[in-house]
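A structural model of the following input is requested.
(chains A and B)
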Number of protein chains: 2
Amino acid sequence: MSIYIDPAVASSLRGFEMPEKLGFGKVMAPVMFRAVCQDGCWSRGELLPYAPLALDPAAKVLHYAQSCFEGMKAYRVQGGGVGLFRPERNAARMVHSAERLCMPPVPESLFMDGVRTVSAYCANLVPANSGESLYLRPFLMGTQPDLSVSTSSTCEFYVIASPSEAYHPGNMRLWVERENARAALGGTGDSKVGGNYAASLLSVARLKERGYDQSLWLNPGNRRTVDELSGMNFFAVLDGELHTPALNGSILEGVTRDSLIELARDLGYRVREREIDIDELLGQVESGRCEEAFACGTAAIISPISVFGDGEREYRPAKAPGPVAERLRAALLDIQEGRAEDRFGWMQAVEAVGE
Amino acid sequence: MSIYIDPAVASSLRGFEMPEKLGFGKVMAPVMFRAVCQDGCWSRGELLPYAPLALDPAAKVLHYAQSCFEGMKAYRVQGGGVGLFRPERNAARMVHSAERLCMPPVPESLFMDGVRTVSAYCANLVPANSGESLYLRPFLMGTQPDLSVSTSSTCEFYVIASPSEAYHPGNMRLWVERENARAALGGTGDSKVGGNYAASLLSVARLKERGYDQSLWLNPGNRRTVDELSGMNFFAVLDGELHTPALNGSILEGVTRDSLIELARDLGYRVREREIDIDELLGQVESGRCEEAFACGTAAIISPISVFGDGEREYRPAKAPGPVAERLRAALLDIQEGRAEDRFGWMQAVEAVGE
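Have a look, this model is predicted:
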């Protein structure tokens, strides 16, 4: 199905002025992609000027959080082109998230139309410095105006974008969250849905008062093994090997996590996916067996962990950033920005549209 | 602070035609109350014509489910007036929900302004037959356009309303949900937030295929004791006594639940709030010791449970509806609709505005 391009898109793009200071996810590109699903039938995709959405006050997304999203980036590739990184993984994960919330899955072709069209028309807005990117935000939500708690007959799919700086939170101070949970066992933890993030806000607000940056979430079933951070997966380096929590239904399967596992093995590291007991891990940090630990995600790629706070105690890995984190980060960014050969077939080129 | 009444409200109300068939939560009243909180400061409340909301596509509510709500009713009281039932309880619960999601609590006076103003201007839209009502839906959401996972600097509070039929789901067939969870221990189960409802949709969709109506959620910590239904609390009648799950952090504290406990005690029943083991309960249904069970909530007041489905087995209470449920339902509705004396001081009269 061909994509409708609103005639006003051209002037929206011409009129856009890139601010000096970008930040991350703060400046919105002046276009958006939209498709609507009514009773299971998807409309044609449309590229429109970025504009407020007209939502009925009784729309289900506003009351019952029937919404899911993805986070991905369009990169400025060496030589001038624009590239997407494994977008088919995001498309597949959004199918999983939609099904968890009883929404119609966005067909992969429509998802790809969305991210490719926005990236193509915004090619000039992909920042050029290494680490900068056009952050892409596909999202799907139930918009039927009806106050009954039931699945929405109408869903809307959007792709919006934000030209963004490199996201370097620096060395992170993690708080071992032993009280709150972001998602239940048998809940939505392995889906990228709004409710997981809403549930995480209070923990983060509290730990910031104590001087920490992020919560380290434990498994809601056993309250003993490491799951993830909000929006990032966790890795520890033990005796030179990489250890990361095995997928268990409450961990979001990160695209960066998956890519780092493959990349690390290719670089000769042994990688183990397993249950990581938090108390055992903290003991290994203390004894020096765990020399480095880091979080990974689309935004920052890799963020080293400098401190684990647990109650009154703090545990500091010997190296933050450590050599493994630095090597993996550089290797992945080199592929994403076209400085290294894409031996895994991860990149998809996007042809720019317009001037 | 005085409330701004938009001049277009009068014509919106005059132009509204009440449909023959109302349903529940489907027909929206033609006005809405709004107030905005920017960096902790609340605007004046406004009564506006009901209209689509203009939301930035990057608004936090659409991505991170930063939203909470209340459900309550304006009743047509014997003699013609309009009454609200314990609205201060809903105001207090919304404070709790907002704090759980790091949103500014809606001040009780503003909350009351909202529900009273909408009820007063819509007094003619409160249906007259017993059991019918004007369903009121206060809700609060984070609207800042910013893709970072953090609390919203801007929140909007609305009250919308829906003239609704009596909600009689009839005898309910419950499915004992042993796999999925609506909220985590240490999560948002005791707050009325969107994510709990989004997480419940898949369970309900699956059990409907098996011929059931609602999920009976077990405690996400022990997976063994009864928590609640989605949007309703649970009661069992055992040896003539009322038993309901004690509040434990993952159960929503229902206003109807609280009122029934007080009313039942006043009528001479013994009421026990305790952990209810699901296997023990099913055994008591089978043996006949548990003669009746019911769910309660604002919408239906009381819905008798005719079947508990658990895997391949079904358990049927002897009486559905049972005499205790019928007596309590009538007693509560008599207070709400002004046929019985309001000995508990639960009702608040609303003075109609307009013709």
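
for the rest of this, base every contact and every neighbour count on C-alpha atoms.
Will do.

quick one: buried residues of the helix or strand that contains residue A:112?
Per DSSP states H and E: residue A:112 is located in helix A:108-121. Neighbour-count burial for helix A:108-121 flags A:108, A:110-121 (criterion: 16 or more other CA atoms under 10 Å in any protein chain shown).

let me have those residues in a markdown table, adding distance to residue B:170 and pLDDT as columns.
A markdown table is the format used below for the buried residues of helix A:108-121 (distance: CA to CA, whole Å; pLDDT from 0 to 100):
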| residue | distance to residue B:170 | pLDDT |
| --- | --- | --- |
| A:108 | 42 | 98 |
| A:110 | 42 | 98 |
| A:111 | 42 | 98 |
| A:112 | 46 | 98 |
| A:113 | 46 | 98 |
| A:114 | 45 | 98 |
| A:115 | 47 | 98 |
| A:116 | 50 | 98 |
| A:117 | 50 | 98 |
| A:118 | 50 | 98 |
| A:119 | 52 | 98 |
| A:120 | 55 | 97 |
| A:121 | 54 | 97 |
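
CSV please, covering the residues you listed and showing distance to residue B:38.
Shown next, in CSV, are the buried residues of helix A:108-121 (distance: CA to CA, whole Å):
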residue, distance to residue B:38
A:108, 39
A:110, 37
A:111, 35
A:112, 37
A:113, 37
A:114, 33
A:115, 33
A:116, 36
A:117, 35
A:118, 32
A:119, 33
A:120, 36
A:121, 34
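
how about the residue most central in space within chain A, what does it touch?
Nearest to the mean C-alpha position of chain A, by CA atoms, centre = their mean, lies residue A:71 at 3.9 Å. For residue A:71, the contacting residues are A:90, A:135-138, A:298, by CA atoms under 8 Å, 6 or more residues apart in numbering or on different chains.

next: residue A:263.
By CA under 8 Å, 6+ apart, the neighbours of residue A:263 are A:328, A:331-332.

tell me the contacts of the residue sitting furthest away from the middle of chain A?
Residue farthest from the centre of chain A, counting by CA atoms, centre = their mean, is residue A:287 at 32.8 Å. Not one residue lies near residue A:287 by CA under 8 Å, 6+ apart.

what about the closest residue to residue A:340 other than its chain neighbours, how many neighbours?
Leaving aside its chain neighbours, residue A:340 sits nearest to residue A:334 (5.1 Å; criterion: CA to CA, 6 or more residues apart in numbering or on different chains). Counted with other CA atoms under 10 Å in any protein chain shown, residues neighbouring residue A:334 total 18.

so which bits of the helix or strand harbouring residue A:334 are buried?
Under the criterion of DSSP H and E, residue A:334 resides in helix A:323-336. Neighbour-count burial for helix A:323-336, counted by 16+ other CA under 10 Å, picks out A:324-325, A:328-329, A:331-336.

quick one: pLDDT of the closest residue to residue A:25 other than its chain neighbours?
In this structure, residue A:25 finds its nearest non-sequential neighbour in residue B:147, 4.8 Å apart by CA to CA, 6+ apart. Each residue has a pLDDT score; the one for residue B:147 is 96.

from the contacts of residue A:71, which single one is nearest residue A:193?
Residue A:193 lies nearest to residue A:138 out of the contacts of residue A:71, by CA to CA, at 12.0 Å.
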